[in-house]
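Enquirer: Next input, structure requested:
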Amino acid sequence: MVEAELGTRKLAVLRAVVEEYVRTGEPVGSETIAERSGLGVSAATSRNEMAALEELGYLMQPHTSAGRIPTDAGYRKYVDTLPRGGRLREQQRRAIAGFFAEAVLDLEEVLRGTTKLLSRVTQYAGLALPPATGEDTVARVELIELGHAVMVLIVGQHGGVEKLLIERPEDLREGDLETFERRFQEALGGKSVAAAQAVALRMAGQAPGAERELLLGVSDVLSRMQDASRAHHIVVGGVANLADEAAHWRRETVRRLFEALERESDLVRLLREVTSTDDVSVTIGAEHPTTREWEAALVSAPFRAGETALGTIGVVGPTAMDYLSVVASVRAVARRLTELATALGG
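Expert: Presented below is the predicted three-dimensional model:
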């Protein structure tokens, strides 16, 4: 166990250094630790423990300061000793509860709001990787007459919506839309997007006139849904908050991270590679090539509908991150998203 490996006092000193550095962004001296660690030890004892932690690779001493700062290994040791459940601050709890109390039924829209919510409650940048639409199933097929046009609208099981406006078929008779809609729903409902498109095309090959035109429209909508699922797509919110954290980073690090947030493929790959299948994952600096390049940390978690994994949410920020607060926030939001997605799929 970590406590046995470091000993209670060294672990308490490491925690105190991490939390003080996260709070101030300044190297931490032994006098500060003597005052804030709660161990009741002298500055000399604190200095000795900090020197030992430096030898173990958990702390480092910048050239320009007598104080010390955590290394990536130090942050990892700190994160590994955090309480499993974590606790939200009251303000965070109210913000999360308020957001989901007003959440709409479109999961994509909820995810856009979720990134802003995560950014607001953590003060870092929020990320969301939506479900792959092609892995979704068709919940509803609707045909809506709009004068000289017909809107073909398909709703995915997890709240995704895609639509297409087509010219009204000339031989469409009164009552046909209701009949076709019911027939399409019976044939396509509950199938995956890819399977539903195959069925729609097969039906179109055998259908006459207006029904064929509408089925081809349905096929086009399903094709769009598949194209969207294959594209690299990630939602980012609260990027401006990273500028407020610049005190913890070198200017070059801030520039690199802003550039990285514009490269969706990198973010998608990172989230897929580091996110746990069942709980919050924390990736710190050198633990992954991408976060090493950014000198950043990523806290992420999956959300699901029932037992089916749908997507990922997360927070990216400096390695000098308020991990206790961020982990609790990401876990709480992922849990609420799972509840919502499960309800939508039910």
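Enquirer: From Q157, how far out is V236?
Expert: From V236 over to Q157 the distance is 25 Å, taken as Cβ to Cβ, to the nearest Å. Bear in mind the C-beta positions are built from the backbone N, C-alpha and C, glycine included.
Enquirer: okay, the two: which has more neighbours?
Expert: Neighbour totals were compared for V236 and Q157, and Q157 leads with 23 against 18 (other Cβ atoms under 10 Å).
Enquirer: Output the contacting helices and strands for the strand or helix carrying R183.
Expert: In the assignment (DSSP states H and E), R183 maps to helix 176-188. Packing contacts for helix 176-188, counted by 3 or more Cβ pairs under 8 Å, 6 or more residues apart in numbering; DSSP states H and E, involve strand 138-146, helix 193-206, helix 209-230.
Enquirer: which other helices and strands contact the last one?
Expert: Secondary-structure packing of helix 209-230 (3+ Cβ pairs under 8 Å, 6+ apart): strand 138-146, strand 149-156, strand 161-167, helix 176-188, helix 193-206.
Enquirer: What is the end-to-end distance of stretch 298-314?
Expert: End-to-end span of stretch 298-314 (Cα to Cα, to the nearest Å): 7 Å.
Enquirer: can you give me the helices for the stretch 201-346 of the chain?
Expert: 209-230, 240-244, 251-260, 264-274, 289-294, 323-345 (DSSP state H, counting those that start in this stretch).
Enquirer: If you rank every helix and strand of this protein by mean pLDDT, what lands last?
Expert: helix 2-6 (a mean of 55; mean pLDDT, DSSP states H and E).
Enquirer: quick one: low-confidence parts of the stretch 201-346 of the chain?
Expert: Under the criterion pLDDT under 70, the flagged ranges of the stretch 201-346 of the chain are 228-232, 242-257, 345-346.
Enquirer: could you say which helix or strand contains I96?
Expert: Assigned by DSSP H and E, I96 falls in helix 90-101.
Enquirer: Report the distance from that helix to the chain centre.
Expert: Mean-position distance between helix 90-101 and its chain equals 17 Å (Cα atoms, centre = their mean, to the nearest Å).
Enquirer: re earlier: out of the helices of the stretch 201-346 of the chain, nearest to F99?
Expert: helix 323-345 (8.2 Å; Cβ to Cβ).
Enquirer: circling back to that earlier point, and whichever helix or strand comes after the helix holding I96, what does it pack onto?
Expert: Sequence-wise, the next helix or strand downstream of helix 90-101 (DSSP H and E) is helix 107-122. When contacts are defined as 3+ Cβ pairs under 8 Å, 6+ apart, helix 107-122 sits against helix 90-101, strand 125-129, strand 235-237, strand 308-318, helix 323-345.
Enquirer: how near is the residue lying closest to R173 once chain neighbours are set aside to V150?
Expert: What sits nearest to R173 in space, not counting adjacent residues and going by Cβ to Cβ, 6 or more residues apart in numbering, is A210, at 7.7 Å. Distance of A210 to V150, computed by Cβ to Cβ: 9 Å.
Enquirer: And T283, by the same measure?
Expert: 48 Å.
Enquirer: again, but for A43
Expert: Taking Cβ to Cβ, one finds A43 at 78 Å from V150.
Enquirer: neighbour-wise, which of those two wins?
Expert: Between A43 and V150, counted using other Cβ under 10 Å, V150 has the larger neighbour count: 23 against 14.
Enquirer: Return the residues in contact with the more buried one.
Expert: L143, I144, L165, I166, E167, R168, P169, L172, L177, L214, G217 (Cβ atoms under 8 Å, 6 or more residues apart in numbering).
Enquirer: So for A210 and V150, which residues contact both of them?
Expert: P169, L172.
Enquirer: isn't Q197 right up against L222?
Expert: Yes: Q197 lies in contact with L222 (Cβ atoms under 8 Å); the separation is 3.8 Å.
Enquirer: Have a look at these two and say which one is more surrounded.
Expert: Set side by side, Q197 and L222 show more neighbours around L222, with 30 against 23, by other Cβ under 10 Å.
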